[in-house]
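Novice: predicted model and sequence follow; I will ask about them next.
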Amino acid sequence: MASPEEILPIVDYLIDLSCCPRCILRFLGQHAKETFYLNPKEYFNSLIMTGDKDPQENIKKLKSNVCPVCLDCYKDSTIEKITEQLKTLDLESYDYSNFFFNVSFPKCIAVRAHSILLHLKNKFPNYRFGNLYETTSNENVPLLEPPHKIFRVISSKALSEVLNRPCHPKSQLSLLICLGYEDDDIEVKNLKDIINNTKKNQHIRISRNNIPEFLKETDEKMFKSRFSVPPEIPNTPVSIVNIEINAEPLFLGGRYFKFKRNVGQTPWIKDGQSVTDYNVQDEVFKAVSSVLGFDYNSMTFTASGREDVDVRMLGTGRPFYIKIDNPKRRKFLQEDLHKIERMVIQSELVAITNLQTVPESELRRIKHGEEQKRKTYKAICKTTCPNVKEAISVINKHGESQLNVTQLTVMRVLHRRTLLPRNKIIYHMTAEEIPGHSDLFELVMVTQAGAYVKEFVHGDFKRTQPNISSLIGYPTDMIALDCIDIDLAWP
Ligand SMILES: [Zn+2]
């Protein structure tokens, strides 16, 4: 650690340049975990106390200009403005026990920090200044604290007080405080010119993230030709552009049932008109919105595959989840979830069970399930075969073992899927007579997810091979279909 005799002239010099006390601490290499950042005066006093300076003598008086390095990002007045704005936001309505925050600084404060450090190194060649661009420290090169770390140290307490909850890095509620500076783009444009000069013919986009990387490589002479070193005192400080509130999405999982035909899974609008009067998503959203108060537009519905509009979903139901963006609450009573279930079933069209919150890490199981899992269907088929008993015995014989089927993209989805043969497996199937009907039979089949079962019955103009019609040797069609099981442990 440098002695007060080495440090004091630098402090005085930075004050002459109108730097704010927190920027001074930063460029002297002070760690943000020290309480000095909260009260820089304490630090300056400690320097005088331990140094040779006459205790009567003071450190130069701080100037009231806008800080040319941080543009007043680290000033108490800026933090006060932020807390004032926070009071106007509806954060009370967010039922979270803690919060976290990030700050988006003007891009040019990185350029200004580069400029002051360059200047200081020339002015005080014997002082060991820290590094702005490394991420790990070593004995020889201390690190200069990044802006967000300093900001967090000096503002957490004030923000915490106004939000009435502690600041916690793992909070599911986070704020993004966006600070802006009026000449930000003009200043950064100079950097772009330098980069384009050195990296000819490369189209480079400058962002907050890559500015340090470019500054690190920039030639000193070139930098000085474009930027003022030390940085100029700005006319205006930073302003608060906005404060975004972001709560991590919440996921509710369950299984749904569809008792009636002509009910869609999600709203299906064709030519400006809804194809079905009802759909599962609307029934579920209506109940969730009514019981838990979430906005309809903040929810999205995802299921493990989908059945056709005219297919019922019975048996064990189909796994689904709802994603709720920016939820104001994420804790519910079990009773609330039951209430939603009871409300959905009142529609007499749809039901849901096992509704519960699910962690995000579980969601990929639903996507994976869509491709991999087995599905069980029950269908009523009508055949032209004059002897239905014979047809049934043919099906049962083939159904004992696995049947590999090739489906050339089926006619009804040809407009939205590439024409390709796809191999699907019918794991097993059984057929049974329907008493009193000589041309009907019931067919239960367990298939690989993604198999088109209607086409497997009628053959889709021979595009699905083999098919029930070809196995029996007589045209056969399906007149009703229910999905009765989706083999996925969910939620
Ligand atoms: Zn400053």
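Specialist: Now that the structure is in, tell me what you want to look at. Because the structure is a prediction, the values reported are computed rather than measured. Residues are numbered from 1 along each chain as shown.

Novice: break this protein into its domains for me.
Specialist: 69-246, 249-370, 373-486 (automatic domain parsing).

Novice: indicate which one of these is closest to the ion.
Specialist: Nearest to the ion, of all those, is domain 69-246, at 3.1 Å by Cβ to the ion. All C-beta spots, glycine's among them, are computed from the backbone N, C-alpha and C.

Novice: quick one: end-to-end length of that closest one, please.
Specialist: 30 Å (Cα to Cα, to the nearest Å).

Novice: residue 59 is in contact with residue 49, isn't it?
Specialist: No. Residue 59 lies out of contact with residue 49 (Cβ atoms under 8 Å); the separation is 11.6 Å.

Novice: residue 203 - how many residues pack around it?
Specialist: For residue 203, the neighbour count with other Cβ atoms under 10 Å is 6.

Novice: sorry, back to before: could you dump the domains of the chain to CSV with distance to residue 27?
Specialist: As requested, the domains of the chain are arranged in CSV below (distance: least, Cβ to Cβ, whole Å):
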stretch, distance to residue 27
domain 69-246, 6
domain 249-370, 39
domain 373-486, 60
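
Novice: tabulate those domains (JSON lines), appending distance to residue 29 and mean pLDDT.
Specialist: Below are the domains of the chain laid out as JSON lines (distance: least, Cβ to Cβ, whole Å; pLDDT from 0 to 100):
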{"stretch": "domain 69-246", "distance to residue 29": "4", "mean pLDDT": "91"}
{"stretch": "domain 249-370", "distance to residue 29": "40", "mean pLDDT": "93"}
{"stretch": "domain 373-486", "distance to residue 29": "58", "mean pLDDT": "94"}
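
Novice: sorry, back to before: more neighbours, residue 59 and residue 49?
Specialist: Set residue 59 next to residue 49 and count neighbours by other Cβ under 10 Å: residue 59 wins out with 18 against 10.

Novice: who's in contact with the more buried one?
Specialist: 8, 11-12, 15, 44, 47-48 (Cβ atoms under 8 Å, 6 or more residues apart in numbering).

Novice: nearest to the ion among these?
Specialist: residue 15 (11.4 Å).

Novice: hang on, that closest one packs against residue 9?
Specialist: No. If you go by Cβ under 8 Å, residue 15 and residue 9 don't touch, sitting 10.7 Å apart.

Novice: out of these two, which sits in the busier spot?
Specialist: Between residue 15 and residue 9, counted using other Cβ under 10 Å, residue 15 has the larger neighbour count: 18 against 12.

Novice: what about the more buried one, which helix or strand?
Specialist: helix 4-16 (DSSP states H and E).

Novice: what pLDDT does residue 7 get?
Specialist: Per-residue pLDDT puts residue 7 at 90.

Novice: make residue 1 into 58 and carry on from there
Specialist: Renumbered: residue one is now 58, and that last one reads residue 64.

Novice: what element comes up after the helix holding residue 72 heading to the C-terminus?
Specialist: Where DSSP H and E defines the elements, the next helix or strand beyond helix 61-73 is helix 78-85.

Novice: buried sites along that next one?
Specialist: Across helix 78-85, burial judged by 16 or more other Cβ atoms under 10 Å covers 78-85.

Novice: in TSV, list the contacts of residue 116 along with distance to residue 524.
Specialist: TSV is the format used below for the contacts of residue 116 (distance: Cβ to Cβ, whole Å):
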residue	distance to residue 524
65	91
68	87
69	90
72	87
101	87
104	89
105	93
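
Novice: just the buried ones out of the residues you listed, please.
Specialist: 65, 68, 72, 101, 104-105.

Novice: circling back: how about the buried residues of helix 78-85 in TSV, adding pLDDT and distance to the ion?
Specialist: TSV is the format used below for those (pLDDT from 0 to 100; distance: Cβ to the ion, whole Å):
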residue	pLDDT	distance to the ion
78	94	8
79	95	6
80	96	3
81	95	8
82	94	10
83	95	8
84	95	10
85	93	13
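
Novice: next, format those as CSV and append distance to residue 333.
Specialist: As requested, those are exported to CSV (distance: Cβ to Cβ, whole Å):
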residue, distance to residue 333
78, 67
79, 62
80, 63
81, 68
82, 65
83, 62
84, 66
85, 69
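
Novice: which residues of the stretch 108-257 of the chain lie near the ion?
Specialist: Within the stretch 108-257 of the chain, the positions adjacent to the ion are 124, 126-127 by Cβ under 5 Å from the ion.

Novice: 8 Å instead?
Specialist: Counting by Cβ under 8 Å from the ion, the stretch 108-257 of the chain comes close to the ion at 124-132.

Novice: neighbour-wise, which of these leads?
Specialist: Greatest neighbour count in these, by other Cβ under 10 Å, goes to residue 128: 30 neighbours.

Novice: for that one, give me its contacts.
Specialist: Contacts of residue 128 (Cβ under 8 Å, 6+ apart): 163, 165-166, 169, 238, 291, 294-295.

Novice: out of everything not next to it in sequence, what's closest to it?
Specialist: Nearest residue to residue 128, sequence neighbours excluded (Cβ to Cβ, 6 or more residues apart in numbering): residue 295, at 4.8 Å.

Novice: what segments of the stretch 358-507 of the chain are helices?
Specialist: 391-402, 420-429, 445-456 (DSSP state H, counting those that start in this stretch).

Novice: list the buried ones in the last one?
Specialist: If I follow you right, that is helix 445-456. Within helix 445-456, the residues that count as buried by 16+ other Cβ under 10 Å are 445, 448-449, 451-452, 455-456.

Novice: just the residues you listed now: which is nearest residue 376?
Specialist: Nearest to residue 376 among the buried residues of helix 445-456 is residue 456, at 26.2 Å by Cβ to Cβ.

Novice: need the contact list for that closest one.
Specialist: By Cβ under 8 Å, 6+ apart, the contact set of residue 456 is 483, 485-488, 502.

Novice: please redo it, this time with the cut-off set to 6 Å
Specialist: Neighbouring residues of residue 456 by Cβ atoms under 6 Å, 6 or more residues apart in numbering: 485-487.

Novice: swap in residue 201?
Specialist: 83, 187, 189.

Novice: wait, isn't the second one in contact with residue 202?
Specialist: This means residue 187. No. In this structure, residue 187 is not within contact of residue 202 by Cβ atoms under 6 Å, at 8.5 Å.
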